[in-house]
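**Student:** What follows is a predicted protein model with its sequence.
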Amino acid sequence: MAVLSIISRTASRRGVRALGVASASLALAVGAAGNALACDISEFSAAAKCEGDKGVITVTDVDPAGIPATVTVYLQNNGADAKKVGEQVVKGSREGTTITFAEDWQPNAEYRIHVKAADYVDEDIKPNLVTPATACGTQDTASPTPTPTPSETSSAPSGETGTPVPSPSTPSAPAGSASESTAPAGGAGNAPSAAAGESNLAETGANSNTGLIVGIAAALVVVGGAAVFLGLRRRGANGSR
């Protein structure tokens with residue numbers, strides 16, 4: 001009996017120890033799981049974006065536990081804080097919660113973003129945020145006017161191509177050269193101009209061969225008619241015989 005009592009006591013002690021070890025292991029597992037679900041700096045991200053012609057800085061929190069975190073944005077200059085842009089509280093979610101800071105940032109500017117969430121996070125998002133090389137609103141500048149093609153230039157009227165057109169009232173040559181190029185008035189009055197006479201006859205048709213051609217055509221018509229008439233008479237005479 002004494003031996004059985006000793007054995008049962010030893011088994012009880014071992015069972016208690018095993019239960020204690022199991023409880024401790026469970027506590028460690030729960031603690032590790034809690035820490036895994038807690039807020040972490042890796043769950044925060046930042047970006048420099050444009051809203052219209054103005055720049056903004058956005059911070060997104062994807063903490064599924066939804067622990068409130070305070071986000072502070074600083075503009076950097078030579079590795080030091082030049083100014084505090086703003087501070088907001090964000091409560092993360094599995095889908096992601098985004099907050100926006102109005103900041104008309106300059107190209108290639110650097111910003112430090114600090115996150116503090118209770119006893120879980122108290123550090124900066126690494127690396128620091130560097131803005132794009134192009135400022136907001138520069139893509140809305142007016143495009144240059146296209147240069148007209150040679151075909152468009154040649155088809156345009158001479159008055160619209162930019163080449164000055166001399167006025168009809170403006171003499172094209174000095175008065176002295178005009179007197180030298182024209183014939184003397186006396187010579188032009190003494191002899192009639194042959195070219196002028198020919199042009200008048202061409203307009204009236206007096207010197208043309210129209211009458212001769214018409215006469216020959218009429219004669220041919222008469223001769224042809226007489227031949228047809230004689231042929232018909234011969235056929236009629238032969239038919240009567």
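**Tutor:** Structure received.
**Student:** And for Leu232, the neighbour number?
**Tutor:** For Leu232, the neighbour count with other Cβ atoms under 10 Å is 10. Any C-beta I mention is one placed from the backbone N, CA and C, and that applies to glycine too.
**Student:** ugh, typo on my part, it should be Lys116
**Tutor:** Counted with other Cβ under 10 Å, residues neighbouring Lys116 total 17.
**Student:** Quickly find the element holding it.
**Tutor:** strand 110-117 (DSSP states H and E).
**Student:** Return the list of helices and strands in contact with that strand.
**Tutor:** With contacts taken as 3 or more Cβ pairs under 8 Å, 6 or more residues apart in numbering; DSSP states H and E, strand 110-117 sits against strand 44-51, strand 54-61, strand 68-77, strand 121-124, strand 129-130.
**Student:** If we use 6 Å, what do you get?
**Tutor:** Strand 110-117 is packed against strand 68-77, strand 121-124, with contacts defined by 3 or more Cβ pairs under 6 Å, 6 or more residues apart in numbering; DSSP states H and E.
**Student:** The helix or strand following the longest one versus strand 110-117: what angle between them?
**Tutor:** Past strand 68-77, heading to the C-terminal end, the next element that is a helix or strand (DSSP H and E) is strand 80-91. Between the axes of strand 80-91 and strand 110-117, defined by axes from the mean of the first three to the mean of the last three Cα atoms, to 10 degrees, the angle is 40 degrees.
**Student:** who does the nearest residue to Thr98 once chain neighbours are set aside bridge with?
**Tutor:** Leaving out its chain neighbours, the residue that sits closest to Thr98 by Cβ to Cβ, 6 or more residues apart in numbering is Thr60, at 4.5 Å. For Thr60, the beta-bridge partners under DSSP bridges are Ser45, Thr98.
**Student:** Mind pulling up the pLDDT for Thr60?
**Tutor:** For Thr60, the model assigns a pLDDT of 97.
**Student:** what's the closest non-adjacent residue to Asp81?
**Tutor:** Tyr74 (4.3 Å).
**Student:** ok, now His114?
**Tutor:** Thr72 (4.7 Å).
**Student:** so where is this protein shaky, pLDDT-wise?
**Tutor:** For the chain, applying pLDDT under 70 flags the ranges 1-38, 139-208, 238-241.
**Student:** now with 50?
**Tutor:** 3-4, 26-36, 141-142, 156, 158, 171-189, 191-206 (pLDDT under 50).
**Student:** Quick check: bridge partners of Glu123?
**Tutor:** As for beta bridges, Glu123 partners with Val115 under DSSP bridges.
**Student:** same thing with Gln88?
**Tutor:** Beta-bridge partners for Gln88, by DSSP bridges, are Val71.
**Student:** Compute the number of surrounding residues for the residue nearest to Asp81.
**Tutor:** Neighbours of Tyr74 under the rule other Cβ under 10 Å: 20.
**Student:** And it, how close does it get to Ala65?
**Tutor:** 26 Å (Cβ to Cβ, to the nearest Å).
**Student:** How about Leu75?
**Tutor:** Taking Cβ to Cβ, one finds Leu75 at 30 Å from Ala65.
**Student:** What segments of the protein are helices?
**Tutor:** 2-37, 150-155, 175-181, 185-190, 194-204, 210-240 (DSSP state H).
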